[in-house]
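> generate coordinates for the sequence data below:
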Amino acid sequence: MESFDQSLKYLLQHEPADFIRFGLADPSIKVIGPLPSGLPSRSRDVDGGYLIEQGDNRSVVHIEFHRRHQSLEDLAIDVTEAQIRFYRRERLPVLSQVWDLYGAPDEPVLSDRTLHFGAPQKSGRSQGLYLRVNLRGMGAEELLSQGFRALWPLVTLTRDGASEAVVRRTCIAIEARAELSELERQTC
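Predicted coordinates for the structure are as follows:
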């Protein structure tokens, strides 16, 4: 799992725009650049943080890859804590995406998740909100037909993408990308 983890982080570092645009369903987003991933809490680094522009607005996109070793509640607490720490440091709105690597095929590809942690009050309560990305909720062809080529190596995480035929077809498509260096093709 460690090498898979590193491959995901490599893809995210080198082509964050495809992850961000896919998760926010907005192909017009401009990625300004990466933000430091170290947040001063329990020596924990996030998987990715990026400064973006949506129209005239700047914000932070925080990305986590959810692995099975953590409960959903602990994940939501970590995401909410990271949002607060990013906001403290950058003073910009924070949009969090959690890429669920083991999602279910009968669940939506994109869904909002909320952690309510404050006591209810008249005007509401404190909460953390993040977007869950579940590639298992879509088919391989749907992923490949969208313009997010950095996500093609994740085709095996789709509902039907773990077949030899799909992997072979995806590999050929990746190798045909003229803009990639030989090293980039190999890491995909």
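
> next SSE after the helix or strand hosting residue 74?
When elements are defined using DSSP states H and E, residue 74 is found to belong to helix 72-90. Following helix 72-90 in sequence order, the next helix or strand is strand 94-100 (DSSP H and E).

> adjacent strands (with direction) for the helix or strand just after that following strand?
In the C-terminal direction, the helix or strand that comes right after strand 94-100 (DSSP H and E) is strand 110-116. Taking DSSP bridges as the criterion, strand 110-116 sits next to strand 127-133 (antiparallel) in its sheet.

> how far is the partner strand from where the chain is centred?
11 Å (CA atoms, centre = their mean, to the nearest Å).

> buried set for it?
Buried residues in strand 127-133, counting neighbours by 16 or more other CB atoms under 10 Å, are found at 128, 129, 130, 131, 132, 133. C-beta here means a position set from N, CA and C on the backbone, and glycine is covered the same way.

> next, the angle strand 94-100 makes with that strand.
Here strand 127-133 runs at 50 degrees with respect to strand 94-100, directions being taken by axes from the mean of the first three to the mean of the last three CA atoms, to 10 degrees.

> kindly report the domain assignment for this protein.
As assigned by automatic domain parsing, the chain contains the domains 2-137, 139-188.

> please convert the ones you listed to TSV, extending it with mean pLDDT.
TSV is the format used below for these (pLDDT from 0 to 100):
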stretch	mean pLDDT
domain 2-137	91
domain 139-188	85
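
> quick one: the strands in the chain?
Using DSSP state E, the strands of the chain run over 30-34, 38-39, 44-45, 48-54, 57-66, 94-100, 110-116, 127-133.

> and the ones you listed as JSON lines, adding distance to residue 22?
Supplementary listing: those in JSON lines, determined by distance: least, CB to CB, whole Å:
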{"stretch": "strand 30-34", "distance to residue 22": "12"}
{"stretch": "strand 38-39", "distance to residue 22": "24"}
{"stretch": "strand 44-45", "distance to residue 22": "22"}
{"stretch": "strand 48-54", "distance to residue 22": "13"}
{"stretch": "strand 57-66", "distance to residue 22": "11"}
{"stretch": "strand 94-100", "distance to residue 22": "9"}
{"stretch": "strand 110-116", "distance to residue 22": "9"}
{"stretch": "strand 127-133", "distance to residue 22": "7"}
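
> among the ones you listed, which is the most enclosed?
Stretch with highest mean neighbour count among these: strand 94-100 (a mean of 23; mean count of other CB atoms under 10 Å).

> which elements pack onto that strand?
Taking 3 or more CB pairs under 8 Å, 6 or more residues apart in numbering; DSSP states H and E as the contact definition, the neighbouring helices and strands of strand 94-100 are helix 16-24, strand 57-66, helix 72-90, strand 127-133.
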